[in-house]
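how would this look folded up:
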Amino acid sequence: PQRLHTHRAVLAGEAACVVDPFTAEGIRPSIWSGLKASQAIDQALRGDLQALARYTEVMNTEWGEEMRWARRLARLVYQAPGLAYRVGVKRPSSTATMVNIFSGQVRYAEVAHRAIHRLSTGLLG
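Predicted structure coming up:
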């Protein structure tokens, strides 16, 4: 895990290396980390001595877990593009799924579990 704070500062956005490995975009991660950083800074200014450390913890757990799933999906897509196209991209719902990921309504873990289910059903069914 990466330490994203010091006694008086936090790293957010691209400075914190929060880029989505599946899409390679950084705007959504930067906004998300900026919001989390601003909450931590507000708490720190109100006297919470652990607020900045909690920011690092939140980023490493919540964002880190999400990006681990994004990286797994990216590997699948980029190592087997034909299969990924048939199972995911070709589906009419794929655009809506990406919109839901970008808006925070769906997590990469959910998408990965659905993809695994589709693959196992297709291979075993």
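
identify the residues contacting stretch 75-87?
If you take C-beta atoms under 8 Å, 6 or more residues apart in numbering as the criterion, stretch 75-87 is touched by Phe22, Gly88, Ala115, Arg118, Leu119, Gly122. Yep, even glycine has a C-beta here, placed from its N, CA and C like the rest.

now this structure, which segments are flagged as low pLDDT?
Judged by pLDDT under 70, the chain has its weakly predicted residues at 122-125.

so who does Val64 touch?
Actually, residue 64 is Gly rather than Val. Shown in contact with Gly64 (C-beta under 8 Å, 6+ apart): Pro1.

go on, Glu65?
Applying C-beta under 8 Å, 6+ apart, the residues contacting Glu65 are Ala109.

re the thing from before, can you put the contacts of stretch 75-87 in JSON lines and add neighbour count and secondary structure?
Shown next, in JSON lines, are the contacts of stretch 75-87 (neighbours: other C-beta atoms under 10 Å; DSSP: H, G, I helix; E, B strand; the rest coil):
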{"residue": "Phe22", "neighbour count": "21", "secondary structure": "coil"}
{"residue": "Gly88", "neighbour count": "20", "secondary structure": "helix"}
{"residue": "Ala115", "neighbour count": "18", "secondary structure": "helix"}
{"residue": "Arg118", "neighbour count": "15", "secondary structure": "helix"}
{"residue": "Leu119", "neighbour count": "16", "secondary structure": "helix"}
{"residue": "Gly122", "neighbour count": "11", "secondary structure": "helix"}
